[in-house]
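1. Provide a 3D model corresponding to the input given below.
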Amino acid sequence: MSAGGIAVDITDPKLAEAAAPLVEKLVADGVASKLAAGDDSLWGPEAQPEASKRLSWVRLHETSRPLVDELAALRRDLHGDGADRVVLAGMGGSSLAPEVICATASGTQAAGGAAGDHPLVVLDTTDPGQVSDALAGDLSRTVLVVSSKSGSTVETDSQRRVFEQVFEANGIDAASRIVVVTDPGSGLAQLGRDQGYRRVVEADPNVGGRYSALTAFGLVPSALAGVNIATLLDEAAAAAPALERDAADNPAVQLAAALGAAHGAGAEKVVLADTGSGLVGFGNWAEQLIAESTGKQGKGLLPVVVEGPDAPGFADHGTDATAVAVGPATDGADIAVTGTLGGQFLLWEYAIAMAGRLIGINPFDQPDVESAKQATRDLLAHAGDGGSDDADEAPLATDGPVEIRAESHPTLPDWLGSVTTVGEAVQALVDAAPDDGYLAIQAYLDRLDDASFAALRPELARATGLQTTFGWGPRFLHSTGQYHKGGHQNGVFLQITGSVADDLAIPDQPFSFGVLEHDQARGDAGVLVAPKNGGTARPVLRLHLADRAAGLVALAHAVSTLRGRQVRP
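-> This is a model prediction of the structure:
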């Protein structure tokens, strides 16, 4: 049944039966109406201080309306100056929603580059090659949207610095080409005013980043790229009445109950496949919402975004996962979710907030995100001495263009052994995964020029039978990174880094983009391996590619030699 342009269909009878009592409980407790009213007590007293300042998203379809005319006027002014190429410097919640909004409006798959009728260049990386590619565009037509909730995001600040320098070097008044989106009172807001940037747009501070699709963070870059954001708000407004009702046919109640029931039965992974929804890249946005909201205290739902309903891990998923079709129901799907983009944004936000209540976590904090940031800062502290690197840490082995390393921890058994090839190393990592575990591939590379690396996900999933995720670094640190540290401690991690042919300096910083990217990878690896939430240390295999193209060939060959997962006695 469709309500307000959205619908949830629990197609698996066993899951529907298990979800039924949770639907009744959510309805009896009045959770939907309380959530719509901003009741911050729904997740318990410990969560209340955080929840009290994170619930304004339920009314964004109303409160964001003034942005429609304001941003239309700003776009006209920029076009009057010849600036019609929009580059977005933002991470996580500041980039994922705009990318989906613009790609969906264009009907094309975006991968960080401008596409279709609503071009948006998304710069959510520290890879010097991808940053240089964005700088190589027509700067005379470029407006840079600098988007950071905290105002202090290191990636975004670095991108702002280099764009500002290159604008000025090309005779362009940088301040006239920079639009800031941030929270009120942030250092970035003050900087924007002090420097006279074209516009400083302050977002609603009572909305967390992953719930910010319909705030200025989602709407400013989208509107400047030419998307009709009024339609997006209309879609959310049409869905809102159905989502606010305490009723068994509330789509958000149904979805939350199904996910909660699955988690309770041990299916802590949620496999997302687009089945013709028309929402281009929606899984990448939902990935952050699900992982960062639920993955903590050793609990949570791990989103696994796959290439389609025929991809490994979806129709052939095991009892540790729930297959969700984003679009019409298809073979192998346990749940199907359909609807407009604005409606689905709101539907999933309601559902994941409710699922947090059922799972027993606070869906609005992210206690483990800071750990990787701090580890990176610790490594960057040596940048003044020439930057941190692996020079003092000889690889365990070198196989052609690939250096093989493993992150160590005193409590971690020797899972790698005396490997000499990439194939042996990957096999050892796969063998170290528990029966109900998962494999996370984390590529600190250029997601434009190195896009072929994403093909490793389905190949490894097919070869191993493990639920397998793929994330571009450091982008995933602002998305699934929270789950990897705080969620179920049953993951094994394949980290891929690459040598930098042409590094790029960051103005007024003692480190370059290449050093920053490298230290983000090393810092996160050190955090991933450490035991958390009563768990044990977990394997992290680090493969560094001296040559990225040749390295991909070597990795593909290694995957082709895998013998499945060899469970050790």
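
2. pretty sure T294 contacts P303?
-> No - T294 is beyond contact range of P303, at 9.3 Å (criterion: CB atoms under 8 Å). C-beta here means a position set from N, CA and C on the backbone, and glycine is covered the same way.

3. These two: which has the busier surroundings?
-> Taking neighbours as other CB atoms under 10 Å, T294 and P303 compare with T294 leading, 31 against 25.

4. which non-adjacent residue is nearest the more buried one?
-> Setting aside the residues directly before and after it, T294 is nearest to G300 in space (CB to CB, 6 or more residues apart in numbering), at 3.9 Å.

5. same question, A321
-> According to CB to CB, 6+ apart, the nearest residue to A321 is K269 (3.9 Å).

6. State the number of residues packed around the one you found.
-> Neighbours of K269 under the rule other CB under 10 Å: 26.

7. tell me the pLDDT at it?
-> Looking at K269, its pLDDT reads 98.

8. and it, what is it in contact with?
-> Taking CB atoms under 8 Å, 6 or more residues apart in numbering, we find K269 in contact with 301-304, 317, 320-322, 438, 467.

9. I only care about the residues you listed that end up buried; give me the ChimeraX line for that.
-> The following ChimeraX line selects those of those that are buried, judged by 16 or more other CB atoms under 10 Å:
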select :301,302,303,304,317,320,321,322,438,467
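
10. rewinding a little: name the residues contacting each of T294 and P303.
-> With CB under 8 Å, 6+ apart, T294 and P303 have no common neighbours.

11. circling back: need the contacts of K269 in CSV with distance to M91, can you?
-> Formatted as CSV, the contacts of K269 follow (distance: CB to CB, whole Å):
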residue, distance to M91
L301, 22
L302, 20
P303, 18
V304, 21
H317, 30
D320, 30
A321, 28
T322, 28
Y438, 23
Q467, 25
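
12. Now that we have the contacts of K269, can you turn them into CSV and tack on secondary structure?
-> Converted to CSV, these look like this (DSSP: H, G, I helix; E, B strand; the rest coil):
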residue, secondary structure
L301, coil
L302, strand
P303, strand
V304, strand
H317, coil
D320, coil
A321, strand
T322, strand
Y438, strand
Q467, strand
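
13. The residue nearest the centre of the chain and D436, how far apart?
-> In the chain, the residue lying closest to the centroid (CA atoms, centre = their mean) is S479, at 3.1 Å. Going from S479 to D436 by CB to CB, to the nearest Å gives 22 Å.

14. Check D69 too.
-> Look at D69 and D436: by CB to CB, they are 52 Å apart.

15. how about the helices in the stretch 151-300 of the chain?
-> Counting by DSSP state H, counting those that start in this stretch, one finds helices in the stretch 151-300 of the chain at the ranges 154-169, 187-195, 216-224, 229-244, 251-264, 282-294.

16. highest average neighbour count across those helices?
-> Stretch with highest mean neighbour count among those: helix 216-224 (a mean of 29; mean count of other CB atoms under 10 Å).

17. avg pLDDT for it?
-> 98.

18. Send me that helix as PDB with only the CA atoms.
-> The C-alpha coordinates for helix 216-224 follow below in PDB (Å, rounded to 0.1, in the frame of the first residue of the first chain):
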ATOM      1  CA  ALA A 216      20.900  23.800   3.700                       C
ATOM      2  CA  PHE A 217      23.600  21.000   3.500                       C
ATOM      3  CA  GLY A 218      21.500  19.100   1.000                       C
ATOM      4  CA  LEU A 219      19.700  21.900  -0.700                       C
ATOM      5  CA  VAL A 220      22.300  24.600  -1.300                       C
ATOM      6  CA  PRO A 221      24.600  22.700  -3.700                       C
ATOM      7  CA  SER A 222      21.600  21.000  -5.300                       C
ATOM      8  CA  ALA A 223      19.800  24.300  -6.000                       C
ATOM      9  CA  LEU A 224      22.900  26.000  -7.300                       C
END
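
19. Name the helix or strand of this structure that has the lowest mean pLDDT.
-> When the helices and strands of the chain are scored by mean pLDDT, DSSP states H and E, helix 369-380 comes last with a mean of 89.

20. Tell me how far that one lies from the chain's centre.
-> Here helix 369-380 is found 18 Å from its chain centre; the criterion is CA atoms, centre = their mean, to the nearest Å.

21. List the buried residues of the helix or strand following that helix.
-> Going down the chain from helix 369-380, the next helix or strand is strand 397-399, by DSSP states H and E. By neighbour count on 16+ other CB under 10 Å, the buried set for strand 397-399 is 397, 399.

22. what helix or strand does V146 sit in?
-> strand 142-148.

23. Just the mean pLDDT for that strand, thanks.
-> 98.

24. show me the residues around the residue nearest to L347 when sequence neighbours are not counted that make contact.
-> Closest residue to L347 apart from its sequence neighbours, by CB to CB, 6+ apart: I6 at 5.0 Å. By CB under 8 Å, 6+ apart, the contact set of I6 is 239, 242-243, 251, 337-340, 343-344, 347.

25. Please tabulate those in TSV, including the columns distance to D365.
-> As requested, these are exported to TSV (distance: CB to CB, whole Å):
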residue	distance to D365
A239	26
A242	28
L243	23
P251	26
V337	26
T338	31
G339	28
T340	30
G343	27
Q344	24
L347	22
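
26. Greatest separation within those: which pair is it?
-> Using CB to CB, the two most remote members of those are L243 and T338, lying 14.5 Å apart.

27. Let me see the domain layout of this structure.
-> The chain resolves into domains spanning 6-41+237-359, 60-232, 369-560 when parsed by automatic domain parsing.

28. Please produce CSV containing those domains, extended by distance to Q566.
-> CSV is the format used below for the domains of the chain (distance: least, CB to CB, whole Å):
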stretch, distance to Q566
domain 6-41+237-359, 18
domain 60-232, 34
domain 369-560, 5
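
29. Give me the secondary structure label for H488.
-> Following three-state DSSP, the label given to H488 is coil.

30. one step back: quick one, which of the domains of the chain is nearest to A47?
-> Using CB to CB, these put domain 6-41+237-359 closest to A47, at 8.0 Å.

31. Wait, a helix at F493?
-> No - F493: not assigned to a helix; according to three-state DSSP it is strand.

32. Bridged to it, which residues?
-> A440, V540 (DSSP bridges).

33. That one - how many residues pack around it?
-> For F493, using other CB under 10 Å, the count is 22.

34. contacting residues around the closest residue to L255 other than its chain neighbours?
-> Nearest residue to L255 in three dimensions, chain neighbours excluded: A351, at 3.9 Å (CB to CB, 6+ apart). Taking CB under 8 Å, 6+ apart as the contact definition, A351 lies against 251-253, 255-256, 259.

35. pretty sure A351 is in a strand, no?
-> No - using three-state DSSP, the secondary structure at A351 is helix, not a strand.

36. Could you report the pLDDT at the residue nearest to the centre of the chain?
-> At S479, pLDDT is 94.

37. how about the residue nearest to it when sequence neighbours are not counted, what does it touch?
-> Nearest residue to S479, sequence neighbours excluded (CB to CB, 6+ apart): Q288, at 3.9 Å. Neighbouring residues of Q288 by CB under 8 Å, 6+ apart: 92-93, 96, 210, 478-480.

38. backbone phi and psi for the closest residue to D12 other than its chain neighbours, please?
-> Leaving aside its chain neighbours, D12 sits nearest to D334 (4.0 Å; criterion: CB to CB, 6+ apart). Backbone torsions of D334, given as degrees, to the nearest 10, read phi -90, psi -30.

39. can I have stretch 190-204 written out in CSV, keeping just the CAs?
-> Taking C-alpha atoms only, stretch 190-204 is exported to CSV below (Å, rounded to 0.1, in the frame of the first residue of the first chain):
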residue,chain,number,x,y,z
GLN,A,190,33.2,33.5,11.0
LEU,A,191,35.9,33.0,8.4
GLY,A,192,33.4,33.4,5.6
ARG,A,193,32.2,36.7,7.0
ASP,A,194,35.7,37.9,7.7
GLN,A,195,36.9,37.0,4.2
GLY,A,196,33.8,38.4,2.5
TYR,A,197,32.8,35.1,0.8
ARG,A,198,29.9,35.3,-1.6
ARG,A,199,27.4,33.8,0.8
VAL,A,200,27.4,32.2,4.3
VAL,A,201,24.3,30.0,4.7
GLU,A,202,23.7,28.8,8.2
ALA,A,203,22.0,25.4,8.5
ASP,A,204,19.6,24.3,11.3
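
40. Many thanks, have a good one.
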